[in-house]
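[1] Okay, predicted coordinates and the sequence, questions at the end:
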Amino acid sequence: MLTRRAPDMERVTAALGGRGIAGKPRRTSGFAVFLSWWRFRRRPDQADLVGAVTTWAFDGIELPFGNAPHQRWISESGSVHHRPVPDAEALPGRYLLAGLADAHAHPAVGLGPSGPVALDKAAALDTLRAWARSGITLVRDAGSPRGVTLELEREGQLPVLHAAGRFLAPPDRYFPQLLGDPVPGSDLVSCGLAELGRGATWVKVIADFPDLAAGAGTGTGTEPTYPIELIAELTAAVHQAGGRVAAHTTTARAAELVAVGVDSIEHGTELDEAAIREMAARGTAWTPTLCGVLAALDNPGLPTEERRYVEGARERLLALLPLAVSLGVPVLAGTDAEGSIPQEVALLARLGLQPAEALAAASTWPRQYLGAAATSDIVTYHHDPRDDPDELTRPAAVIVGGTRLI
């Protein structure tokens, strides 16, 4: 059973060099991330895993910020050497990354002809296995139907999973096929704490959504779901219990959600500059989920009002994403229930991030922010994905939890 992860954050932060000014993640190298895992999290059963190799050699460039090639040998003790280690397995590829990360994913949610559908545990595990083989080694599950991801059996060759449990929303204020039992305001705090008790590390609150009972579509008529005072109470209680809060928001109330201390803004299509600056001061993360937000523009039948809204959101994102990165807001790549990490990286770059920053948003920065930077994961590529994010679909080697999958 997946259990709540409780890393020794002081030791992990020390290994990673902490954060820079205004909470901006430092540009930690891939091998520093690799080494920190061996010091703090080596699994005793690793030697029993099929395909497990504990000594690798790499000759190339460390992503996302490296430019000069280096030779590195990683011994079975976890030490990184500048001199050859006997019997090391040479990894193919010229570019190395310490694993991709999807910071807003739904492995237990699929897409059907009429919208999202709930998946069972077997299908969720199949999804995670496929993601691991693609090089995604860290996933933040941003909510699942009835919290099913908290019940998955742990496997050594899956991505590290940080789960938020069930979606917290009132009746008729979220996709009914995903919501399960709705959460009235009187039960919001207790239900959030209950998810932590089940093993969640995050709580996912739907802070605004259309009123489906009133006939509003999912792209129109979005309104707050809970009073801000109640979300503030939830946030304080979750923090007291050692968890963190992710808030779904596509309205201007994002600013007040930041002010009451939620830990990450999901989507955030109506953030403004003042809110971004407050996020930088507080260390609040932002997962813009560009694949999901902008996908509607590809629909020729999109109503004019909704198209105008999405186009406006795109213009705001184009202005605010580079500002957020410059101020040190942890910008995290997340695919939501559609799209892919390579597509998300490409969109981040198209909307103003430098190519290395867009790649960091899908690798180094989520690891640092989520407190999961200490992993044994390695992905290599023959060509530089900073030049073409589509290279992320063609890994040369993938190592997950000390086991080579490709």
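    Great, that's in hand.

[2] where does Arg173 land in three-state SS?
    coil (DSSP: H, G, I helix; E, B strand; the rest coil).

[3] What is the burial count for it?
    Look at Arg173: counted by other CB atoms under 10 Å, it has 25 neighbours. The way it works is simple: take the backbone N, C-alpha and C, and place the C-beta from them, glycine included.

[4] Buried residues, the longest helix that the chain contains. List them.
    In the chain, ranked by residue count with DSSP state H as the criterion, the top helix is helix 304-327. Neighbour counts over helix 304-327 (16 or more other CB atoms under 10 Å) mark 306-307, 309-310, 313-314, 316-317, 320-322, 324-325, 327 as buried.

[5] now stretch 134-151
    Going by neighbour count (16+ other CB under 10 Å), the buried part of stretch 134-151 is 134-151.

[6] now the buried residues of helix 304-327 in JSON lines, with pLDDT?
    Compiled in JSON lines, those are given as follows (pLDDT from 0 to 100):
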{"residue": "Glu306", "pLDDT": "85"}
{"residue": "Arg307", "pLDDT": "90"}
{"residue": "Tyr309", "pLDDT": "87"}
{"residue": "Val310", "pLDDT": "90"}
{"residue": "Ala313", "pLDDT": "92"}
{"residue": "Arg314", "pLDDT": "94"}
{"residue": "Arg316", "pLDDT": "95"}
{"residue": "Leu317", "pLDDT": "97"}
{"residue": "Leu320", "pLDDT": "98"}
{"residue": "Leu321", "pLDDT": "98"}
{"residue": "Pro322", "pLDDT": "98"}
{"residue": "Ala324", "pLDDT": "98"}
{"residue": "Val325", "pLDDT": "98"}
{"residue": "Leu327", "pLDDT": "98"}
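
[7] Tabulate these (JSON lines), appending distance to Ala362.
    Converted to JSON lines, the buried residues of helix 304-327 look like this (distance: CB to CB, whole Å):
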{"residue": "Glu306", "distance to Ala362": "28"}
{"residue": "Arg307", "distance to Ala362": "28"}
{"residue": "Tyr309", "distance to Ala362": "26"}
{"residue": "Val310", "distance to Ala362": "22"}
{"residue": "Ala313", "distance to Ala362": "21"}
{"residue": "Arg314", "distance to Ala362": "20"}
{"residue": "Arg316", "distance to Ala362": "21"}
{"residue": "Leu317", "distance to Ala362": "16"}
{"residue": "Leu320", "distance to Ala362": "18"}
{"residue": "Leu321", "distance to Ala362": "14"}
{"residue": "Pro322", "distance to Ala362": "17"}
{"residue": "Ala324", "distance to Ala362": "15"}
{"residue": "Val325", "distance to Ala362": "13"}
{"residue": "Leu327", "distance to Ala362": "20"}
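
[8] Pro184 contacts Arg173, correct?
    No. Counting by CB atoms under 8 Å, Pro184 sits too far from Arg173 to count as a contact (10.6 Å).

[9] before we move on, the earlier item: among the buried residues of stretch 134-151, which are in helices?
    Per DSSP H, those never map to helices.

[10] that older thread, identify the residues contacting the longest helix of the chain?
    Helix 304-327 is contacted by residues 22, 24, 217, 219-220, 269-273, 276-277, 279-280, 286, 288, 290, 293-294, 296-297, 302, 331, 348, 351-353, 357 when judged by CB atoms under 8 Å, 6 or more residues apart in numbering.

[11] packing partners for the helix or strand harbouring Glu195?
    For Glu195, the element it lies in under DSSP states H and E is helix 188-197. Here helix 188-197 touches strand 167-168, strand 202-206, helix 228-240, going by 3 or more CB pairs under 8 Å, 6 or more residues apart in numbering; DSSP states H and E.

[12] what's the most buried one of the ones you listed?
    Highest mean neighbour count among the helices and strands packed on helix 188-197 (mean count of other CB atoms under 10 Å): strand 167-168, with a mean of 28.

[13] For the following helix or strand past that one, buried residues please.
    For strand 167-168, the succeeding helix or strand toward the C-terminus, using DSSP H and E, is helix 176-179. Buried residues in helix 176-179, counted by 16+ other CB under 10 Å: Leu178, Leu179.

[14] what's the neighbour count on His248?
    Neighbour count of His248, defined by other CB under 10 Å: 24.

[15] Gly110 now?
    Gly110: 15 neighbours (other CB under 10 Å).

[16] Was I right to think it contacts Asp120?
    No. With contact defined as CB under 8 Å, Gly110 does not count as touching Asp120 (10.2 Å).

[17] just so I have it, where are all the helices in the stretch 301-406 of the chain?
    With DSSP state H, counting those that start in this stretch as the criterion, the stretch 301-406 of the chain has helices at 304-327, 341-350, 355-360, 364-370.

[18] How far off centre is the second one?
    Right, the one you point to is helix 341-350. Remark: helix 341-350 is offset 14 Å from the chain centroid, using CA atoms, centre = their mean, to the nearest Å.

[19] quick one: the residue nearest to Val160 when sequence neighbours are not counted and Leu161, what's the gap?
    Of all residues not flanking Val160 in the chain, Leu138 sits nearest, at 4.9 Å (CB to CB, 6 or more residues apart in numbering). According to CB to CB, to the nearest Å, Leu138 and Leu161 sit 8 Å apart.
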